[in-house]
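# here you go, sequence then predicted model.
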Protein chains: 2
Amino acid sequence: MGEFDLIERFFKRPVTRAALGVGDDCALLQPAPGMQLAICSDMLVEGRHFLSTVDPIKLGHKALAVNLSDLAACGARPLAFTLALAMPRADPAWLAPFSRGLLALADAHECELIGGDTTQGPLNICITAFGEVPPGQAFLRSGARAGDDIYVSGTLGDARLALEVFRGKASISAALFEDCRARMEQPTARIALGLALRGIASAAIDVSDGLLGDLGHILKASGVGAEIDTATTTTLLAASRHANWPQANLGGLELLELVLAGGDDYELVFTAPVAARDAVLAASGEASTPVTRIGTVQPEAGLRLLDARGRALTHRFASFDHFA
Amino acid sequence: MGEFDLIERFFKRPVTRAALGVGDDCALLQPAPGMQLAICSDMLVEGRHFLSTVDPIKLGHKALAVNLSDLAACGARPLAFTLALAMPRADPAWLAPFSRGLLALADAHECELIGGDTTQGPLNICITAFGEVPPGQAFLRSGARAGDDIYVSGTLGDARLALEVFRGKASISAALFEDCRARMEQPTARIALGLALRGIASAAIDVSDGLLGDLGHILKASGVGAEIDTATTTTLLAASRHANWPQANLGGLELLELVLAGGDDYELVFTAPVAARDAVLAASGEASTPVTRIGTVQPEAGLRLLDARGRALTHRFASFDHFA
């Protein structure tokens, strides 16, 4: 199959939001009057971001989901995306499920595939996604203020636990593994929560490299520090899913590390003023997405972990760095 | 060097056109009121699109140039771009010249780097570029009409000739090689010509895979055919640069093949009504970019090559297909 045939067969569909879709030199997008365009780009490499054995349907889902997660962290509504794809060969048996998983998630968010590129090379998936947000309403990393509450959506640590099972390091029940594996392979982008938090959250980021590291980006950009209540964090963000973790063999991993520095979670960590607590709860309900208050923004730089009695914990958890 | 340090050091610069640049979950772009956003994406893979020995400055230039060339083929004015980069390691000795070449071309076109991604992996450069164009003025592949003239900008075949020298197949003079090598490694995106042709050209595409193949996309999308005057084509588009080609050892390659199916040219092939000949010449002058009229759009499908006496030539030149 040639390059143009495969684009035609697997990736070309009529567009309704874009003025021009796949098949010309450029796609054409006409943003709604007055709206800003939020743009993000994520590149997934085999062996680094996904295992070579992953189901192509799930990979198609994940490649778009990690980009939608960035849009969610800005409070943007997804509009469209481009896909650039390097593959060792044009294999319909891989392309058919990959495109199916990709486009199913795209359809669920009314996010159109409008263009891209295909070429031969080591498997590499690069998606650039576009969303819209009213001017001044995008959440920036620099918006956190001392005294703000810190929240996290959903649960943390699942994807990392599944990875450690794949690595042969941890050993958990089949039911927990299936649950964690789905979280690793088919993460949920918190689009609805991002939209519901417009005008409420003061700063946000999505948790891709680990909570501590990603929250650290907010703290650095905002010139503040934070205290995190680790008892609440582990109890509410992990232990509810990992109720049987004491029975699991985590291979020397601590649950605290999974939750605070696991990575690949694609939950939102965000800050909001104390006065907005009711509004945050309402947004959580509106988006049908649980959120947990895990700490407080502090005027002094640095990220301090507190135990259940408010005593400082020392931690040695590094978040994920692609070149560390 | 970590991922965030290298972004900070080599790729983060203040933005003036974008509302928000590198360093948050998303970049924010506010298109001018009423304008459409033209979006294209090109992925460059080592060994496929460039040689591992290429100077990183030139590679930085080329990675952006091939995207600007797509914007030119739509008549769009460049605004901004994202860069996703997979590299085996974070090597400042490579990143410094790469970013210098990339940003120099970006500055020349006032096209801002606003975001992207970096990760470890086999070298892969994926750029998504954004330009603006007034609604209805983008050149589409589907716009060619029977009777229209067919034009090409600049010269063709140089990049392919340089590639064949690198492959050890052709042998040419040092001066010609330097000239062709520069065309291969640092192509010129015909942005000024694209802008000057707004309202004049009926269809356009940039020549990346070879003239015949790329023109073929216009013909197919427009439901028409074409006749190409190969004598004019080779004389004006190649022989002027390759005046010494009879002395060169082209290793069995024909000059006609270099010109018609060489690839990697990044010239514009476009169509325009006969009544617009003066306007095309004026646009060429305004953009300081030579254009050559090489044929005519025909109502019957198919692409026919004619010799100097108007007799049909048979050809066997395939254009480049990444999976053929």
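Nice, I can see it. Remember, predicted model here, so these are calculated numbers, not experimental data.

# ok, A:Gly302 - how many residues close by?
11 (other Cβ atoms under 10 Å in any protein chain shown). Every residue, glycine included, has its C-beta placed from N, CA and C.

# quick one: residues contacting the residue nearest to it when sequence neighbours are not counted.
Nearest residue to A:Gly302 in three dimensions, chain neighbours excluded: A:Gly225, at 4.4 Å (Cβ to Cβ, 6 or more residues apart in numbering or on different chains). Applying Cβ atoms under 8 Å, 6 or more residues apart in numbering or on different chains to A:Gly225 gives the contacts A:Leu219, A:Val297, A:Gln298, A:Pro299, A:Glu300, A:Ala301, A:Gly302, A:Leu303, A:Arg304.

# same thing with A:Gly101?
Contacts for A:Gly101 (Cβ under 8 Å, 6+ apart) come out as A:Asp55, A:Pro56, A:Ile57, A:Lys58, A:Leu59, A:Gly60, A:His61.

# ok, these vs chain B, which is closest?
A:Leu59 (15.1 Å; Cβ to the nearest Cβ).

# contacts only, for the closest one.
Contacts of A:Leu59 by Cβ under 8 Å, 6+ apart are A:Leu44, A:Phe50, A:Phe98, A:Gly101, A:Ile125, A:Glu185.

# check what pLDDT it gets.
The score at A:Leu59 is 96. That number is its pLDDT.

# buried stuff in the helix or strand harbouring it?
In this assignment (DSSP states H and E), A:Leu59 forms part of helix A:56-72. Across helix A:56-72, burial judged by 16 or more other Cβ atoms under 10 Å in any protein chain shown covers A:56-72.

# following the chain past that helix, name the next helix or strand.
Next along the chain after helix A:56-72, taking DSSP H and E as the criterion, comes strand A:77-87.

# got the angle for that following strand vs strand B:77-87?
50 degrees (axes from the mean of the first three to the mean of the last three Cα atoms, to 10 degrees).

# neighbours around the residue nearest to A:Asp149 when sequence neighbours are not counted, how many?
Excluding its sequence neighbours, the residue lying closest to A:Asp149 (Cβ to Cβ, 6+ apart) is A:Arg293, at 5.3 Å. By the criterion of other Cβ under 10 Å, A:Arg293 has 18 neighbours.

# which residues does A:Arg293 contact?
By Cβ under 8 Å, 6+ apart, the neighbours of A:Arg293 are A:Asp149, A:Ile150, A:Tyr151, A:Thr232, A:Arg277.

# got phi/psi on the closest residue to A:Thr16 other than its chain neighbours?
Once flanking residues are discounted, A:Thr16 sits nearest to A:Glu112: 7.1 Å by Cβ to Cβ, 6+ apart. Dihedral pair for A:Glu112: phi -90, psi 140, per degrees, to the nearest 10.

# for A:Glu112, list each beta-bridge partner.
Per DSSP bridges, the residues bridged to A:Glu112 are A:Ala80.

# rewinding a little: taking the contacts of A:Leu59 one by one, which sit in strands?
Residues from those lying in strands, with DSSP state E as the criterion: A:Leu44, A:Ile125.

# want to throw the contacts of A:Leu59 into a markdown table with pLDDT?
Putting those into a markdown table (pLDDT from 0 to 100) gives the following:
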| residue | pLDDT |
| --- | --- |
| A:Leu44 | 95 |
| A:Phe50 | 86 |
| A:Phe98 | 96 |
| A:Gly101 | 97 |
| A:Ile125 | 97 |
| A:Glu185 | 91 |
